[in-house]
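Novice: Any chance you can model this:
(one chain, ligands or ions: 1)
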Amino acid sequence: MFTTKEAIEKRRSIRKFKTEPIPDEYITELLNAARLAPSGCNAQPWRFKIVKEQETKSKLAYAAYDQSFIAEAPVIIVCCADIQGYLNGTVSASQDLGKIGAIEDRIVKILHSRTEQMKSIGIHEIGPRIAANVAIAIEHIVLRALDFGLGSCWIRLVDEQKVKEIFGWDDNIYVVALLPIGYPAEFPEERKRLKLKDILIE
Ligand SMILES: Cc1cc2nc3c(=O)[nH]c(=O)nc-3n(C[C@H](O)[C@H](O)[C@H](O)COP(=O)(O)O)c2cc1C
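Specialist: Numbers count the residues shown, from 1 in each chain. Got it, this is the predicted structure:
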């Protein structure tokens with residue numbers, strides 16, 4: 001087991017995987033880590049599709065502009081946002097937060113009117129707005145995977161429409177990223193990062 005600091009420092013994007021399968025109980029643990037992520041209004045809009053089947057993995061790699069290494073992973077997690085689920089869940093979840101006194105009533109009202117406004121914009125515009133919630137859940141998966149010796153790689157360079165066609169999903173599902181995951185067959189050096197002084201806005 002590592003500390004959170006060690007996990008953050010140790011993680012790398014992995015693009016070469018062993019063929020060894022991932023036990024189902026590990027996948028359950030990863031999804032549980034995702035489930036526990038924070039989200040705006042506690043709306044929890046994340047939804048995940050677990051893909052192990054080779055033909056579907058190949059189709060996903062193709063949808064990701066032929067990033068062929070994706071299909072070599074034993075599992076690909078397709079990470080999505082459920083737009084209707086978000087719109088339905090956000091009001092009741094913020095009211096729950098209001099009831100327990102976690103947020104003030106006036107904030108509940110603002111959240112309610114923001115959600116109403118969101119309903120009036122096109123469904124295509126909502127996905128990117130709520131993707132941050134899913135991103136946090138994805139990173140929970142990425143870090144928890146290290147506990148099982150698993151590596152992964154965020155894939156956002158993907159044709160969302162093609163992914164939806166593979167599964168027959170409608171516009172209610174917004175595809176945030178693919179996450180190929182497996183036992184690493186490479187151990188990359190630390191990748192270049194900006195210095196602390198370069199990430200501060202004066
Ligand atoms: C939002 C996001 C999208 C990314 N999309 C891709 C991708 O489509 N293909 C890929 O090979 N890597 C992708 N990456 C991985 C980055 O290239 C990688 O995080 C970066 O080069 C730093 O390397 P490290 O993760 O090993 O520290 C993505 C990472 C993030 C966070």
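Novice: Tell me, how many residues neighbour Val78?
Specialist: Using other CB atoms under 10 Å, Val78 has 25 other residues around it. C-beta: built from backbone N, CA, C; applies to glycine.
Novice: List the residues that contact it.
Specialist: Val78 makes contact with Phe48, Lys49, Val51, Leu60, Val163, Phe167, Val175, Leu178, Leu179 under the criterion CB atoms under 8 Å, 6 or more residues apart in numbering.
Novice: does it count as helix, strand or coil?
Specialist: Taking DSSP: H, G, I helix; E, B strand; the rest coil as the rule, one finds Val78 in the strand state.
Novice: which residues sit in contact with Trp154?
Specialist: Ser13, Ile138, Val142, Ala177, Leu179.
Novice: The third one: which element?
Specialist: Val142 is located in helix 123-146, with elements delineated by DSSP states H and E.
Novice: Those residues of this structure touching the ligand, which are they?
Specialist: Counting by CB under 6 Å from any ligand atom, the residues of the chain close to the ligand are Arg12, Ser13, Arg15, Gln67, Cys153, Trp154, Ile155, Arg156, Leu157, Pro188, Arg191.
Novice: any idea which of those is closest to Phe2?
Specialist: Using CB to CB, Arg12 comes nearest to Phe2 of the residues of the chain next to the ligand, at 13.8 Å.
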